[in-house]
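K.L.:
sequence plus predicted model, see below.
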Amino acid sequence: MKSRIHTLFITTAALVLTASCGLRAETINRTIPSPAVDTPAAEAKRSETAVLAGGCFWGMQGMFEHVKGVTKVVAGYSGGAASTAHYEMVGTETTGHAESVEITFDPKQVSYGQLLRLYFSVAHDPTQINRQGPDSGPSYRSEIFFNSPTQERVANAYIAQLNAAKVFGRPIATKVEPLKGFYAAEGYHQDYLIHHPDQPYIAYNDIPKIEALKKVYPECYRPNPVEVGK
C-alpha cells in the first residue's frame, strides 16, 4: 500500500517502474476509439460535473486540469460516508471511499464521453483491480460515479465497446455506480502536482500522464492548467 506521505517511493522507484509500467506505458502512448454513445449536443448545459476514481488523486487532478473545456478539478473522496472522508481514515482501506476527482466541465467544449476517453487511455490503467502502479487497496480502485442516467448509459456503453474491441490486453475492471456524495480532500492535496512537480512519486507516475495527453490527444491539451486555488 502507498505510504500516506510517499516517502518509501523514493527508495523503491526503480522496482516500481519495472513492476508497474509495462501496460501503463503501452496504454498512455496510443489513442483508443471514441465512444460510440455520448451525451447528445442538444442536452448540453452550461456546466456539468463528472466524478472519477483511478488511483492517487494527485495525478488524476493534474492531468484533467490540462484538458480543454475543463474549468475546475477538485481532489477528494467518493464511495463512503462524509464522516470518514479524511485522508488518514481513507488510508485504512475500511471506509468504502476511493480517491476521486470532481471535474467541472463545459459540455459544449468537451463531452462526458470525451472525458471518459481520456480517463481510460491516459489518466489510469482501467484493467487493474484495487490498485494503480505502486498503490494498492480499494481506495485506489477504478470507478465511475455517475450523477445522471445519461452518464450511466454513456459509461456502460463505452466499457462494453472497448471490451468488445479488445482495446486492452485484459477486461476493463472499472466499476460504474451512482454518485452518493463527493467530499473535497484536505487543502494540501489540491493542485499537489502543480506545487510539487519534482517530487519523485509525481515525476515517475503522474507527469507522464500529462505528457501523454499532450502527445496523443494534442487537440484536447492546453498548456496552462486550471487551478483550484485560482
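P.N.:
Structure received.

K.L.:
which residues of the chain score low on pLDDT?
P.N.:
Applying pLDDT under 70 to the chain flags residues 1-28, 42-43.

K.L.:
repeat that for 50
P.N.:
Applying pLDDT under 50 to the chain flags residues 1-23.

K.L.:
do a quick rundown of the strands in it.
P.N.:
Assigned by DSSP state E, the strands in the chain fall at 48-54, 70-78, 98-105, 131-132, 135-136, 142-146, 175-178, 182-184.

K.L.:
in the second one, what's buried?
P.N.:
I take that to be strand 70-78. 70, 72-78 (16 or more other CB atoms under 10 Å). Glycine gets a C-beta too; all of them are placed from N, C-alpha and C.

K.L.:
leaving out chain neighbours, which residue sits closest to residue 106?
P.N.:
residue 69 (4.9 Å; CB to CB, 6 or more residues apart in numbering).

K.L.:
and that neighbour, how far from residue 94?
P.N.:
37 Å (CB to CB, to the nearest Å).

K.L.:
ok, now residue 161?
P.N.:
Counting by CB to CB, the gap from residue 161 to residue 94 is 35 Å.

K.L.:
of the two, give the one with the bigger neighbour count.
P.N.:
residue 161 (16 against 13; other CB atoms under 10 Å).

K.L.:
does that one touch residue 36 like I think?
P.N.:
Yes. Using CB atoms under 8 Å, residue 161 is in contact with residue 36, at 5.5 Å.

K.L.:
off-centre distance for stretch 183-195?
P.N.:
Stretch 183-195 sits 14 Å away from the centroid of its parent chain (CA atoms, centre = their mean, to the nearest Å).

K.L.:
from one end of that stretch to the other, what's the distance?
P.N.:
Terminal residues of stretch 183-195 are spaced 21 Å apart (CA to CA, to the nearest Å).

K.L.:
what of stretch 47-64?
P.N.:
With CA to CA applied, stretch 47-64 spans 16 Å between its terminal residues.

K.L.:
buried set for it?
P.N.:
48-64.

K.L.:
re the thing from before, counting neighbours, what do you get for the residue nearest to residue 106?
P.N.:
Residue 69, neighbours per other CB under 10 Å, totals 16.

K.L.:
now the helices for this structure?
P.N.:
For the chain, applying DSSP state H gives helices covering 7-28, 57-64, 87-90, 112-118, 149-164, 192-195, 200-205, 207-216.

K.L.:
adding distance to residue 98, write these out as JSON lines.
P.N.:
Converted to JSON lines, those look like this (distance: least, CB to CB, whole Å):
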{"stretch": "helix 7-28", "distance to residue 98": "19"}
{"stretch": "helix 57-64", "distance to residue 98": "9"}
{"stretch": "helix 87-90", "distance to residue 98": "8"}
{"stretch": "helix 112-118", "distance to residue 98": "16"}
{"stretch": "helix 149-164", "distance to residue 98": "15"}
{"stretch": "helix 192-195", "distance to residue 98": "17"}
{"stretch": "helix 200-205", "distance to residue 98": "17"}
{"stretch": "helix 207-216", "distance to residue 98": "18"}
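
K.L.:
of those helices, flag the one that's most buried.
P.N.:
helix 57-64 (a mean of 27; mean count of other CB atoms under 10 Å).

K.L.:
elements contacting that one?
P.N.:
strand 48-54, strand 70-78, strand 98-105, helix 112-118, helix 192-195, helix 200-205, helix 207-216 (3 or more CB pairs under 8 Å, 6 or more residues apart in numbering; DSSP states H and E).
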